[in-house]
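Peer 1: next input, structure requested:
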Amino acid sequence: MQVVIPTIDLPANAELKIHLEVSAKFNFTAPIAQQKANQFLLLRVGNMLSAGQPELLIQDPIQWRVPVLFSTPSKGCLGKIGELLVDAQTCEVRLIYPDSLEEMEKHAEILFECSTL
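Peer 2: All right, here's what the predicted structure looks like:
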């Protein structure tokens, strides 16, 4: 089972009902998951990648799915080039898309080349 709860903006009169019961140890919040993802990227890839807004994945184990964004100083954020998972219990970070950091760097290069056309 997997439930994704993205960050959503609801109008003032909107009604939202979700009935879900999950029992798990939850040690790390979205901002901490985003910070851990940023540290992972900075240490392993470089300073032009950053972690976007995490989404909570209700599964076993509970995890934060964090988009990886590519930005340049002159053009700002060019787009998403990958995803990381951050374990909500242990705060372990792992790459889920693409399969390797080298491939993520290639995605960034392609995105940069497309932005200069």
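Peer 1: buried sites along the lengthiest strand in the chain?
Peer 2: For the chain, the longest strand by residue count, based on DSSP state E, is strand 76-87. Across strand 76-87, burial judged by 16 or more other CB atoms under 10 Å covers 78, 81-87. Backbone N, C-alpha and C define where each C-beta goes, glycine included.
Peer 1: tell me the one of the residues you listed nearest L49?
Peer 2: I81 (7.3 Å; CB to CB).
Peer 1: could you pull out the helices in this protein for me?
Peer 2: 30-44, 101-115 (DSSP state H).
Peer 1: and these: which comes nearest R94?
Peer 2: Nearest of the helices of the chain (CB to CB): helix 30-44, 8.7 Å.
Peer 1: what's in contact with that closest one?
Peer 2: 28, 49-54, 56, 64, 66, 68, 84, 86, 88, 91, 93, 101 (CB atoms under 8 Å, 6 or more residues apart in numbering).
Peer 1: which of those residues count as buried?
Peer 2: If you count burial by 16+ other CB under 10 Å, the buried members of the contacts of helix 30-44 come out as 28, 49-52, 54, 56, 64, 66, 68, 84, 86, 88, 93, 101.
Peer 1: follow-up on the earlier one: of all the buried residues of strand 76-87, which two lie farthest apart?
Peer 2: The largest separation in the buried residues of strand 76-87, counting by CB to CB, is between L78 and D87 at 28.3 Å.
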